[in-house]
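Participant: Provided below are the primary sequence and the corresponding predicted coordinates.
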Amino acid sequence: MALNVIMLGPPGAGKGTQAERFAHGRGIPKISTGDILRKAVEDGTEIGGLVKAIMDRGELVNDEVMTGIVRDRLEKADARSGFVLDGFPRTVAQAVALDDMILDRGSLLVIDIVVPETELVRRLAGRMICADCGANAGEAAESGSLAGTKAHPGRCRRCGGALVQRADDSNGVVRERLKVYHCQTEPLVEYYRRRPTFRSVNGAQPPDTVATDLETAVDAAHRVAMAASGGVPR
Ligand code: AP5
């Protein structure tokens, strides 16, 4: 049965960091809607032009655009045996659309990463990303794919580019992103909580500990999904 994982959690919870590690370890794609949008902005595509100002304000891009992007991405061959979605769904409308997209592809395993707000603000204020490839300096350092790579202070471990603050990590925009999370995304926890494949993970621990807890949570949810389907791969 396919491993269809979504990571819920507020800005700075570690969704991207953990999604990268988990996807790499399991050989399935990490699909980050934030990364897809930032790339569209950087490449100057039509969608990039539409979403830049919205992202800079810390607001959400509209559901129709987002579900279209994810539907197209999930159609690609590499996502047939599973995926880790980071940053999608973010509204109940997106969650309903996702349920519809994967109707014949097995259960959704839902991981909610929980971190206190003071820690989120601290992490986002200190986050540095690569100006060239967009890699998160912390994520790149933690990622198994980069283990053993030589670190140069102030430079990206992946490509050597300069490290900068992410455009939407300034103080005021972080406050707006947290507000948007509480109003529009947190209701998703209630949307999913009663499913047997829902798990919460304590994200306020060292990244390695979070990764271990997350592996355990996904595997437990996957066993439940397998049992519910009679163990028949779909
Ligand atoms: P997106 O890129 O998804 O941003 P986000 O949800 O705000 O999440 P972040 O990337 O800030 O945090 P994260 O949880 O991934 O944490 P990370 O691992 O990076 O979205 C950006 C924008 O795009 C949105 O505001 C919206 O405009 C638009 N958008 C995207 N998807 C959309 C959708 N579906 N619908 C509508 N609009 C959408 O870690 C954060 C920092 O903490 C890093 O420095 C990291 O190194 C560090 N860290 C991670 N784990 C730990 C740990 N355990 N201990 C200490 N530090 C840690």
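Facilitator: The structure has been received and is ready for your questions.

Participant: State the distance from Gly160 to the ligand.
Facilitator: With distances taken as Cβ to the nearest ligand atom, to the nearest Å, Gly160 is found 19 Å from the ligand. C-beta: built from backbone N, CA, C; applies to glycine.

Participant: That residue: neighbour count?
Facilitator: By the other Cβ atoms under 10 Å criterion, the neighbourhood of Gly160 contains 12 residues.

Participant: Doesn't it lie inside a helix?
Facilitator: No: Gly160 is assigned coil when assessed by DSSP: H, G, I helix; E, B strand; the rest coil, not a helix.

Participant: quick one: buried residues of stretch 76-85?
Facilitator: Within stretch 76-85, the residues that qualify as buried are Ala79, Ser81, Gly82, Phe83, Val84, Leu85, counting by 16 or more other Cβ atoms under 10 Å.

Participant: and the two most separated of the residues you listed?
Facilitator: Based on Cβ to Cβ, the longest span within the buried residues of stretch 76-85 runs between Ser81 and Leu85 and measures 14.5 Å.

Participant: worst-scoring helix or strand of the protein, pLDDT-wise?
Facilitator: Lowest mean confidence among the helices and strands of the chain (mean pLDDT, DSSP states H and E): helix 137-142, at a mean of 58.

Participant: give the contact list for the spatially most central residue of the chain.
Facilitator: Computing the C-alpha centroid of the chain and ranking residues by Cα atoms, centre = their mean puts Asp86 first, at 1.7 Å. Applying Cβ atoms under 8 Å, 6 or more residues apart in numbering to Asp86 gives the contacts Met7, Lys15, Gly16, Ala19, Lys30, Ile31, Ser32, Thr33, Gly34, Asp35.

Participant: In terms of pLDDT, where does Gly154 sit?
Facilitator: The predicted structure scores Gly154 at 81 on the pLDDT scale.

Participant: same question, the one 4 residues further on
Facilitator: Here, the pLDDT recorded for Arg158 equals 87.

Participant: list the contacts for Gly134?
Facilitator: Shown in contact with Gly134 (Cβ under 8 Å, 6+ apart): Asp35, Arg38, Lys39, Glu42.

Participant: so the last one is in which element?
Facilitator: Glu42 belongs to helix 33-43 when elements are defined using DSSP states H and E.

Participant: which residues does Val201 bridge with?
Facilitator: Beta-bridge pairing of Val201 under DSSP bridges involves Ile113.

Participant: buried residues in the longest helix along the chain?
Facilitator: Using DSSP state H to define each element, the chain has its longest helix at helix 207-228. Taking 16+ other Cβ under 10 Å as the basis for neighbour counts, the residues of helix 207-228 that come out buried are 207, 210-211, 213-215, 217-218, 221-222, 224-226.

Participant: and that helix, average pLDDT?
Facilitator: Per-residue pLDDT over helix 207-228 has a mean of 96.

Participant: What sits closest to Arg90 if chain neighbours are left out?
Facilitator: Among residues not flanking Arg90 along the chain, Thr185 sits closest, at 4.8 Å (Cβ to Cβ, 6 or more residues apart in numbering).
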